[in-house]
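1. build me a model from this:
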Amino acid sequence: MKAGVFLVTGGAGFLGSHLCDGLLARGHRVIAADNFLTGSPANLAHLAGHPRFRFIKHDVTQDLYLPGPLDGILHFASPASPRDYLEFPIQTLKVGALGTHKMLGLAKAKKARFLLASTSEVYGDPQVHPQREDYWGHVNPVGPRGVYDEAKRFAEAIAMAYHRTHGVAARIARIFNTFGPRMRKKDGRAVPEFIDAALNGKSLPIFGKGRQTRSLCYVDDEVDGLLRLLFSRHVGPINIGNPRENTILDIARLIVKLTGSRSRLRFKPLPVDDPKVRQPDIALARQLLKWTPRVPLQTGLERTIAWFQDPGR
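-> Predicted coordinates:
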């Protein structure tokens with residue numbers, strides 16, 4: 001695709017900032033929007049002065065006026081960790097509903113592509129394993145996690161409504177657990193929590209017995225899959241994640257080993273509605289996008305640990 005202009009909402013977040021990098025590396029112009037509810041200016045500091053990058057501080061639940069052409073919108077604005085969306089439940093629902101509505105309206109007006117950051121959480125605590133895109137999920141709408149799960153399920157529904165009714169070129173990515181540099185230490189997700197604890201000689205918090213599984217995708221692979229979907233002809237939803245499944249206990253032990261830490265494991269009660277398993281079936285991504293993750297878990301963890309040891313590197 002020729003060079004274009006792209007808006008990344010949630011651009012100061014972990015994944016959003018890496019998407020800005022990926023688009024710039026491909027020669028595009030990038031506008032990042034973020035209200036810093038959970039994002040950080042530090043994630044974009046390296047782009048200060050870049051001739052093809054611009055930042056706007058903005059809450060996407062409000063109207064956003066952008067003059068000139070816009071080729072695509074990557075809608076990644078939302079709290080994304082359990083700790084964040086439990087602290088900001090109403091903001092999570094609003095950005096999933098009102099924010100998605102506003103950005104779809106902008107995409108319609110600009111005739112721009114629209115990539116929705118959906119999530120594996122739409123599958124809830126799944127009764128089908130691994131999770132395929134044709135599985136409708138097992139979600140508790142009134143549980144504490146429901147604010148995130150249902151916000152994303154609504155976002156998928158309204159994206160499809162705009163696609164069918166107004167012809168918006170929507171693309172829906174169901175993102176599974178992603179990790180890498182620029183994750184916040186205290187965001188509640190397993191990898192940054194474990195790394196921070198291990199590097200500081202603290203015990204690693206394990207919920208339940210640690211037998212629940214997660215499938216971890218390194219951020220470089222995730223960005224590659226997301227941009228392939230954005231520039232493809234496929235609406236989705238399409239799972240973008242690493243199909244290698246690991247228990248939380250195994251992830252914690254590997255991080256202790258890689259950091260050379262003497263930290264121990266501390267077992268805590270399992271949170272309400274915590275998914276017991278999580279593993280994407282990525283047959284569609286392999287077939288339609290010619291995409292598969294390539295960075296091994298250990299390699300990704302080593303890079304992430306190195307960043308946590310020296311965030312300014």
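2. run a quick neighbour tally on the residue nearest to residue 245 when sequence neighbours are not counted.
-> Leaving out its chain neighbours, the residue that sits closest to residue 245 by CB to CB, 6 or more residues apart in numbering is residue 279, at 4.3 Å. Using the backbone N, CA and C atoms, a C-beta is placed for each residue, glycine as well. The number of residues packed around residue 279, counting by other CB atoms under 10 Å, is 21.
3. what about residue 279, distance to residue 177?
-> 10 Å (CB to CB, to the nearest Å).
4. likewise for residue 60?
-> The gap separating residue 60 from residue 177 is 24 Å, by CB to CB.
5. check residue 88 too.
-> 20 Å.
6. same question for residue 74.
-> Taking CB to CB, one finds residue 74 at 19 Å from residue 177.
7. between the two, which one's more packed in?
-> A direct count of neighbours by other CB under 10 Å for residue 74 and residue 177 places residue 74 higher, at 30 against 20.
8. wait, the residue nearest to residue 245 touches residue 130, no?
-> Yes: Residue 279 is within contact range of residue 130, at 4.0 Å (criterion: CB atoms under 8 Å).
9. so what's in contact with residue 279 and residue 177 at the same time?
-> When contacts are counted by CB atoms under 8 Å, 6 or more residues apart in numbering, the set common to residue 279 and residue 177 consists of residue 215.
10. list the contacts of residue 105.
-> With contact set as CB under 8 Å, 6+ apart, residue 105 has no partners.
11. who's in contact with residue 97?
-> Neighbouring residues of residue 97 by CB under 8 Å, 6+ apart: 151, 154, 155, 158.
12. what residues sit buried inside the lengthiest helix in the chain?
-> As assigned by DSSP state H, the longest helix anywhere in the chain is helix 146-166. By neighbour count with 16 or more other CB atoms under 10 Å, helix 146-166 contains the buried residues 146-153, 155-156, 158-160, 162-163.
13. stretch 173-193 too?
-> 173-184, 187-193.
14. now do the same end-to-end measure for it.
-> 25 Å (CA to CA, to the nearest Å).
15. let me know the average pLDDT across it.
-> Taken as a whole, stretch 173-193 has an average pLDDT of 93.
16. centre of the chain to it, how far?
-> 8 Å (CA atoms, centre = their mean, to the nearest Å).
17. ok, now stretch 241-257?
-> 18 Å.
18. residue 131 reaches residue 282, doesn't it?
-> No: Residue 131 is beyond contact range of residue 282, at 10.1 Å (criterion: CB under 8 Å).
19. joint contacts of the two?
-> Residues touching both residue 131 and residue 282 (CB under 8 Å, 6+ apart) are residue 239.
20. which residues do residue 279 and residue 130 both contact?
-> In contact with both residue 279 and residue 130: 243, 245, using CB under 8 Å, 6+ apart.
21. now the helices for this protein?
-> Using DSSP H, helices in the chain cover 14-25, 82-87, 89-94, 100-110, 146-166, 190-199, 219-230, 248-259, 283-289, 297-309.
22. so for the longest one, mean pLDDT?
-> Yep, that's helix 146-166 we're talking about. 97.
23. pLDDT at the residue nearest to residue 11 when sequence neighbours are not counted, what is it?
-> What sits nearest to residue 11 in space, not counting adjacent residues and going by CB to CB, 6+ apart, is residue 32, at 2.6 Å. pLDDT, residue 32: 98.
24. which ones are touching residue 32?
-> Shown in contact with residue 32 (CB under 8 Å, 6+ apart): 7, 8, 11, 12, 16, 17, 20, 44, 53, 54, 55, 56.
25. take the residues you listed and lay them out in a markdown table including neighbour count and distance to residue 234.
-> Compiled in a markdown table, those are given as follows (neighbours: other CB atoms under 10 Å; distance: CB to CB, whole Å):
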| residue | neighbour count | distance to residue 234 |
| --- | --- | --- |
| 7 | 27 | 21 |
| 8 | 28 | 20 |
| 11 | 30 | 24 |
| 12 | 26 | 28 |
| 16 | 27 | 22 |
| 17 | 27 | 25 |
| 20 | 28 | 23 |
| 44 | 23 | 29 |
| 53 | 20 | 28 |
| 54 | 16 | 29 |
| 55 | 19 | 30 |
| 56 | 15 | 29 |
